[in-house]
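A.B. asks: sequence-free structure coming up:
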C-alpha cells in the first residue's frame, strides 16, 4: 500500500494538535478581565464580612495609615469617618506611619475638613516605635482630637502643629522631633508607647483596672483597605512603581523576540498597567520618564544584533539617569535602584542576546533544509503571522493575495532573515530546493 503524502491528502492534518491552543489578544483581555472580576468579588466579600461583631455595639475603630497618603488612602479615611458617624463607634483612631502625602493640597484639605467636622472624635497615634508622621501625614495629627507619639518615633513640626504652641526655641517649623520633646512642648498630647495605652485615655472609652494596668472594656475593631484598594495603594509607592515599570518593559522586549503572545507578554503588560497608575499618582519628572521609556527600545536594537554596541550605551545612560531622577522627592532606595538597573543590564547584555542566539542559532545559509518543509499556521497570516515547523514556532509572511487562516497547512518557499516565506499547501511547488538549484 502506498503511503499518502501531505500533498495527496491536504485536509488530513488541517488542524494543529489540540494541546496547542492559540493565545490571542481577545483571550488575553478576557483573562485579565476575569481575574479583575474575581479579585473584586473577593474584596467585596471580605469587606462585607469585616467587623461582623461590631454591629449594634459601641466600639473603638482603629485604621492603619501607612506609606504615602495617596488617593486610595485619602478616600479610605473619608469613608471610615463617614461610616463611624452612622454607627456605634465611640472613637476613631488613625495609627499613622507615613512620610508624606502625594495627593494635592486641596485633596488633603478635604480629608482634614472631614476629620475636624466628624461627630465621632478622630485621634491619631504615631506608632509603633520607629514610625513617623511628616508632611501631609502631620496634618492629620494636627486635625485630630487627641494625638500620641510612641517613643522612638518622630513627627515633623508643621505650621498647623506649631499654632498655639510655645516652641521655646527648642525646635522650629519643619524640624523632626521625638516623642519626649513633642509631648513636653505640647505638639502631641502624650507619648503612649503602645496603642492600647493610648486608647484607654480617649474620651468615651470604658476601662477597668487589672492589677497594675488599665485595660479597655469597649471592644476594639480594626479597619483595613480592601483587596483591590490595597493593591493600588501598594503600587503607588516609588520602589514598587519603579520595579514594576522596568520588569514590565524588560518582559515586553523579551516578548518582541519570541513568536506569538506568551506569558511574558501578558505579565509585562500587567506590570506596566500597574506601574502607570503608581507613576501617575506619584510626583515624577516627565523628562526622566521619557528617558526610561527610550532606554528599552535602544537596548532592543542591539539585542537584535546580539552584540552590545552604540545603542546599548545609549540605553544604559538613559536607564541610569532616568532611574535616579524619575521621582521629584528623590530616588527610591539604593537597593531598589541597584536591583532595577543591574537586573536590566544583566538581562539585556547577557540573557536576551543568549536567548536570541539560541532561538535563531542557525544562520540563513544553514536553514536551506527548511525550504519545502510543511507546517501549520498557528495564527492567521495576512500577510504576517506565526507558523510551526517541526514543532518550533516561527514568524511567517505570505503574499497578500493568498492569506492563510489559522490551522491551514503551509509550505516554506523561502527564508528572509528570521522570517519564513510560506504559501498554502494547495497549488504549491513540489520541491522548492530543486527549483532554487536551477
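C.D. replies: Thanks, I have it. All values derive from a computational prediction rather than experimental measurement. Numbering: from 1, shown residues only.
A.B. asks: could you chop the chain up by domain?
C.D. replies: With automatic domain parsing as the criterion, the domains of the chain are listed as 55-226, 237-359, 365-437.
A.B. asks: need these in TSV (columns: mean neighbour count and mean pLDDT).
C.D. replies: Every C-beta, even on glycine, is put in place using the N, C-alpha and C of the backbone. Listed next are these as TSV, based on neighbours: other CB atoms under 10 Å; pLDDT from 0 to 100:
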stretch	mean neighbour count	mean pLDDT
domain 55-226	18	90
domain 237-359	17	85
domain 365-437	17	77
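A.B. asks: find the nearest non-adjacent residue to the one residue sitting closest to the centre of the chain, please.
C.D. replies: Centroid check for the chain by CA atoms, centre = their mean gives residue 274 as the closest residue, at 3.7 Å. Take residue 274 and drop its neighbours on the chain: the residue closest to it by CB to CB, 6 or more residues apart in numbering is residue 235, 4.6 Å away.
A.B. asks: distance of the one you found from residue 208?
C.D. replies: Remark: distance between residue 235 and residue 208 (CB to CB, to the nearest Å) = 44 Å.
A.B. asks: for residue 414, what are phi and psi?
C.D. replies: The phi and psi torsions at residue 414 (degrees, to the nearest 10) take the values phi -160, psi 170.
A.B. asks: am I right that residue 62 sits in a strand?
C.D. replies: Yes. Under the criterion used here (DSSP: H, G, I helix; E, B strand; the rest coil), residue 62 sits inside a strand.
A.B. asks: spit out the contact partners of it.
C.D. replies: Taking CB atoms under 8 Å, 6 or more residues apart in numbering, we find residue 62 in contact with 93, 95, 195, 199, 220, 221, 222, 223.
A.B. asks: give me that answer again for 10 Å
C.D. replies: Residue 62 makes contact with 91-95, 123, 125, 195, 198-199, 220-224, according to CB atoms under 10 Å, 6 or more residues apart in numbering.
A.B. asks: so which of those residues are in strands?
C.D. replies: Secondary structure from DSSP state E places 91, 92, 93, 94, 95, 123, 125, 220, 221, 222, 223 of those in strands.
A.B. asks: kindly reformat these as CSV containing distance to residue 184.
C.D. replies: Rendered in CSV, the data for the ones in strands among the contacts of residue 62 read as follows (distance: CB to CB, whole Å):
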residue, distance to residue 184
91, 25
92, 27
93, 23
94, 23
95, 23
123, 20
125, 18
220, 28
221, 33
222, 31
223, 32
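A.B. asks: about what we covered before: gap between the residue nearest to the centre of the chain and residue 224?
C.D. replies: 20 Å.
A.B. asks: swap in residue 75?
C.D. replies: According to CB to CB, residue 75 and residue 224 sit 14 Å apart.
A.B. asks: now do residue 101
C.D. replies: As defined by CB to CB, residue 101 lies at a distance of 19 Å from residue 224.
A.B. asks: same check, this time on residue 370
C.D. replies: From residue 370 over to residue 224 the distance is 58 Å, taken as CB to CB.
A.B. asks: strands of the stretch 151-300 of the chain, residue ranges please.
C.D. replies: In the stretch 151-300 of the chain, the segments counted as strands under DSSP state E, counting those that start in this stretch are 154-156, 176-178, 207-210, 213-216, 220-223.
A.B. asks: which one of the ones you listed lies closest to residue 287?
C.D. replies: strand 154-156 (29.6 Å; CB to CB).
A.B. asks: any idea how far that closest one is from the middle of the chain?
C.D. replies: Relative to the mean C-alpha coordinate of its chain, strand 154-156 is positioned 29 Å out (CA atoms, centre = their mean, to the nearest Å).
A.B. asks: cool, stretch 321-328 as well?
C.D. replies: Average the C-alpha atoms of stretch 321-328, do the same for its chain, and the two points are 18 Å apart (CA atoms, centre = their mean).
A.B. asks: so what touches that stretch?
C.D. replies: 102, 238-239, 241-242, 245-246, 279, 282-295, 330-332, 336-338, 340-341, 344.
A.B. asks: recalculate using a threshold of 7 Å.
C.D. replies: For stretch 321-328, the external contacting residues (CB atoms under 7 Å, 6 or more residues apart in numbering) are 238, 242, 282-285, 288-289, 291-292, 295, 331, 337, 340-341.
A.B. asks: so of those residues, which ones are in helices?
C.D. replies: Cross-referencing those against helices under DSSP state H gives 238, 242, 288, 289, 291, 292, 295, 337, 340, 341.
A.B. asks: which one of the residues you listed is nearest residue 378?
C.D. replies: Of all the ones in helices among the contacts of stretch 321-328, residue 378 sits closest to residue 295, with 31.5 Å by CB to CB.
A.B. asks: roughly how far does residue 302 sit from residue 253?
C.D. replies: Counting by CB to CB, the separation of residue 302 from residue 253 is 11 Å.
A.B. asks: so residue 291 makes contact with residue 316?
C.D. replies: No. Look at residue 291 against residue 316 with CB atoms under 7 Å: they stay out of range, at 11.3 Å.
A.B. asks: what's the overlap in contacts for those two?
C.D. replies: Counting by CB under 7 Å, 6+ apart, nothing touches both residue 291 and residue 316.
A.B. asks: show me what contacts the nearest residue to residue 112 once chain neighbours are set aside?
C.D. replies: Counting by CB to CB, 6+ apart, residue 143 is the residue found nearest to residue 112 once chain neighbours are left out, at 4.5 Å. Residues counted as contacts of residue 143 (CB under 7 Å, 6+ apart) are 112, 115, 116.
A.B. asks: closest to residue 380 out of the residues you listed?
C.D. replies: residue 112 (57.4 Å).
A.B. asks: what about that closest one, which SS state?
C.D. replies: When classified by three-state DSSP, residue 112 comes out as helix.
A.B. asks: my guess is it meets residue 139, correct?
C.D. replies: Yes. Look at residue 112 against residue 139 with CB under 7 Å: they come within range, at 5.7 Å.
A.B. asks: Provide the secondary structure category for residue 145.
C.D. replies: When classified by three-state DSSP, residue 145 comes out as coil.
A.B. asks: contacting residues around it?
C.D. replies: Under the criterion of CB under 7 Å, 6+ apart, the contact list for residue 145 reads 121, 122, 123.
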